[in-house]
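S.K.: Quick one: sequence and predicted model below, then my questions.
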Amino acid sequence: MSEKKLSANEGIKTRSNFLRGTITDGLENEITGALAADDTQVTKFHGFYQQDDRDIRAERKEQKLEPLHSFMLRARVPGGVCTPAQWLTINNIADELTMSGSIRLTTRQTFQYHGILKGDIRPVIQGLHSVLLDSIAACGDVNRNVLATTNPIESSLHKDVYQWAVRISEHLLPKTRAYHEIWIDNEKVASSEPEDEPIYGPTYLPRKFKTAVVVPPHNDVDVYTNDLGFIAIAENCVLTGFNVTAGGGMGATHGEPDTYPRLASDLGFIKPDDTLKVAEAILTTQRDFGNRESRKHARLKYTIDRMGVDAFRKEVEARSGVTFQPVVPVTFTQQGDRLGWVAGEDGKHHLTLFIENGRILDFPGRSLKTGLLEIAKVHKGDFRMTANQNIIVAGVAPEDRKQIEQLAREHNLYGGTLSVLRENAMACVALPTCALAMAEAERYLPDLITHYEALQVKHGIEKDAIVVRMTGCPNGCGRPYVAEIGFVGKAPGRYNMHIGGNGLGTRLNTLYKENITEATILEETDALFARYAAERVAGERFGDFVHRAGIVGA
Ligand code: SRM
Ligand code: SF4
């Protein structure tokens, strides 16, 4: 393939010298708050994005000022597990080194800072490093943060599965020394060894790559939306292996039907010992067969659709030396998180706290950030960030439960009167920081949910959990295409409405109405809820009902 045909990012990666680019020079340039354009692609591999506040973009332009550049940094926290000591540092960094002051839990079990000024990126990364956290490969064309079911009830199985998430994450990490060199040591580390990326090669992957490990029956990580999935199979809480899935992804572009959300295909069952071999083989197959000309068609899902699942499976078997066994049948019963207390098999207690759209900050009457800080000061277990933007205070001894619960209640982190609808709702960041947002999501969904709650009460269905998700554009960061009702931003105040996910994360929904405003959304929902309340059969979920009633097709 000639370089001329390759996407611009391929050239940037090649020239970056294993992810260095000219970032160091850019950090020293005090004339601008920005980095060089090519470097802003390279920094993604180091975990951060250049952004600007879109609320004030026009105003700054009018004043002939450059946009107010700042950076969003995403940490890498496999399985979402961190210690209270780490949380104290995470909190302090948000206070001292970010303009937003917030900690934003993401849909991939980690957190982001928004509003870091260029001169503060190094102190932020060094601060995280001081408590053994990093942001390498949190973004970019590499394997990203690996998800693992939080599943605190089956504690020993969770521990095993979490360890696999960590091992996969470590195994597939880029090996470049650039991250340490630029951010930690601040100088080139002398080495006689020539630099190499044994798994990735110098141009890394054609596109981002995402991995999740799930423990059925709880599909809290929406495993089928990942490029690579491991579905844990266990007997008596002992892991016997994984069903492997490949080729999931949510992103699409409005008006371009050759881009689409896709659920992963089942490849087959493997033993635990084969996990890393298979993960690497799937990744390198994508490395070698993925489309490097068009980034819109570069994800593994398109590679698999082009090759065919059987040919893809054979290639993976040849590379890994592992033969897939038939898939072990599994059942999922739920997506999303179980909020509140559960007791684990190890006698420890775990409290899942609802964080609306993942934004941890002190709001009037809800001092979420202070509350978590106070909990971190006394908590002896760990924290687990969930793939649904919530957080678990995990591993609480029975005698400490009262104190944790009291702190959570004092700060309105627990014990209010949330509807099940709100508890299950999720929105992506969108405006004002996301450069790709076409409509509001995080700042608007809470209001839409309030309208929805009223409609649920009107139709007597307020006890029904309906999974509602919203994103500000079709990229799908809040996984709206596996929601029972998904809203996808098209333009300010306008959304596509999708319905018919199954509440388990194993069925895509269907486009129902296009480009509609709030008034039409509420009219349509009123009519749908009325029919659902009147015509559903016992126990039927909303997403299943709209299929059975023929409101959306198969
Ligand atoms: Fe995402 C790009 C936020 C999970 C699909 N995503 C972005 C960027 C970085 C915008 C950009 O490129 O400039 C967003 C930054 C917004 C901001 O200001 O913080 C962004 N994505 C997020 C987060 C923070 C949403 C959230 O509210 O939690 C999630 C961070 C996850 C993490 O910690 O790693 C996030 N993004 C997802 C998911 C869900 C998932 O992975 O489970 C998806 C859909 C699954 C998938 O990848 O197919 C997702 N994000 C995208 C895409 C579309 C990719 C594609 O294949 O087309 C983009 C745009 C792109 O890559 O070109 C994108
Ligand atoms: Fe931004 Fe779109 Fe992702 Fe929302 S879905 S965070 S608007 S890229």
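M.R.: Arrived safely, thanks for sending. Ligands and ions are numbered 1, 2, ... in the order given.

S.K.: Quick one: classify Asn243 as helix, strand or coil.
M.R.: With DSSP: H, G, I helix; E, B strand; the rest coil as the basis, Asn243 sits in strand.

S.K.: residues in contact with the closest residue to Thr203 other than its chain neighbours?
M.R.: Nearest residue to Thr203, sequence neighbours excluded (CB to CB, 6 or more residues apart in numbering): Lys13, at 4.7 Å. Heads up, the C-betas are built off the backbone N, CA and C, glycines and all. With contact taken as CB atoms under 8 Å, 6 or more residues apart in numbering, Lys13 is in contact with 41-42, 141, 202-204.

S.K.: could you flag which of those residues are buried?
M.R.: Taking 16 or more other CB atoms under 10 Å as the criterion, what is buried in these is 41-42, 141, 203-204.

S.K.: want to try JSON lines for these, with distance to Leu361, secondary structure and pLDDT as columns?
M.R.: Output for those, formatted as JSON lines (distance: CB to CB, whole Å; DSSP: H, G, I helix; E, B strand; the rest coil; pLDDT from 0 to 100):
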{"residue": "Gln41", "distance to Leu361": "30", "secondary structure": "helix", "pLDDT": "97"}
{"residue": "Val42", "distance to Leu361": "30", "secondary structure": "helix", "pLDDT": "98"}
{"residue": "Asp141", "distance to Leu361": "31", "secondary structure": "coil", "pLDDT": "98"}
{"residue": "Thr203", "distance to Leu361": "39", "secondary structure": "coil", "pLDDT": "96"}
{"residue": "Tyr204", "distance to Leu361": "34", "secondary structure": "coil", "pLDDT": "98"}
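
S.K.: Please list which of the residues you listed also come close to ligand 1.
M.R.: Among the buried ones among the contacts of Lys13, no residue is within reach of ligand 1 (CB under 6 Å from any ligand atom).

S.K.: Redo those as JSON lines? Include distance to ligand 2.
M.R.: Output for the buried ones among the contacts of Lys13, formatted as JSON lines (distance: CB to the nearest ligand atom, whole Å):
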{"residue": "Gln41", "distance to ligand 2": "16"}
{"residue": "Val42", "distance to ligand 2": "19"}
{"residue": "Asp141", "distance to ligand 2": "16"}
{"residue": "Thr203", "distance to ligand 2": "24"}
{"residue": "Tyr204", "distance to ligand 2": "21"}
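
S.K.: Could you check how far the most centrally placed residue in the chain is from ligand 2?
M.R.: The structure's the chain has its C-alpha centroid closest to Arg108; by CA atoms, centre = their mean the separation is 2.6 Å. Separation of Arg108 from ligand 2 (CB to the nearest ligand atom, to the nearest Å): 12 Å.

S.K.: again with Glu518
M.R.: Separation of Glu518 from ligand 2 (CB to the nearest ligand atom) stands at 18 Å.

S.K.: Might one say that that residue is in contact with Gly493?
M.R.: Yes - between Glu518 and Gly493 there is a contact under CB atoms under 8 Å: 7.0 Å.

S.K.: quick revisit: how is the residue nearest to the centre of the chain assigned, secondary-structure-wise?
M.R.: Applying three-state DSSP: Arg108 is coil.

S.K.: Now the residue of the stretch 201-350 of the chain found nearest ligand 1: which helix or strand?
M.R.: Closest to ligand 1 within the stretch 201-350 of the chain is Gly251: 2.0 Å, counting by CB to the nearest ligand atom. Under the criterion DSSP states H and E, no helix or strand holds Gly251.

S.K.: Contacts only, for the nearest residue to it once chain neighbours are set aside.
M.R.: Of all residues not flanking Gly251 in the chain, Asn475 sits nearest, at 4.8 Å (CB to CB, 6+ apart). Taking CB under 8 Å, 6+ apart, we find Asn475 in contact with 250-252, 436.

S.K.: Which ChimeraX command selects the buried ones in those?
M.R.: Applying 16+ other CB under 10 Å to those, the buried members can be selected in ChimeraX as follows:
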select :250,251,252
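
S.K.: Quick one: the contacts of Asn475 as CSV, columns for pLDDT too.
M.R.: Below are the contacts of Asn475 laid out as CSV (pLDDT from 0 to 100):
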residue, pLDDT
Met250, 98
Gly251, 98
Ala252, 98
Leu436, 97
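
S.K.: Next to ligand 1, which bits of the stretch 251-400 of the chain? Give me the list.
M.R.: Residues of the stretch 251-400 of the chain that fall close to ligand 1, judged by CB under 6 Å from any ligand atom: 251, 299, 358, 389.

S.K.: Which stretches in the stretch 351-500 of the chain count as helices?
M.R.: For the stretch 351-500 of the chain, applying DSSP state H, counting those that start in this stretch gives helices covering 368-378, 401-410, 420-424, 445-458.

S.K.: and the ones you listed as a markdown table, adding mean neighbour count and mean pLDDT?
M.R.: A markdown table is the format used below for these (neighbours: other CB atoms under 10 Å; pLDDT from 0 to 100):
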| stretch | mean neighbour count | mean pLDDT |
| --- | --- | --- |
| helix 368-378 | 20 | 98 |
| helix 401-410 | 16 | 98 |
| helix 420-424 | 20 | 97 |
| helix 445-458 | 17 | 98 |
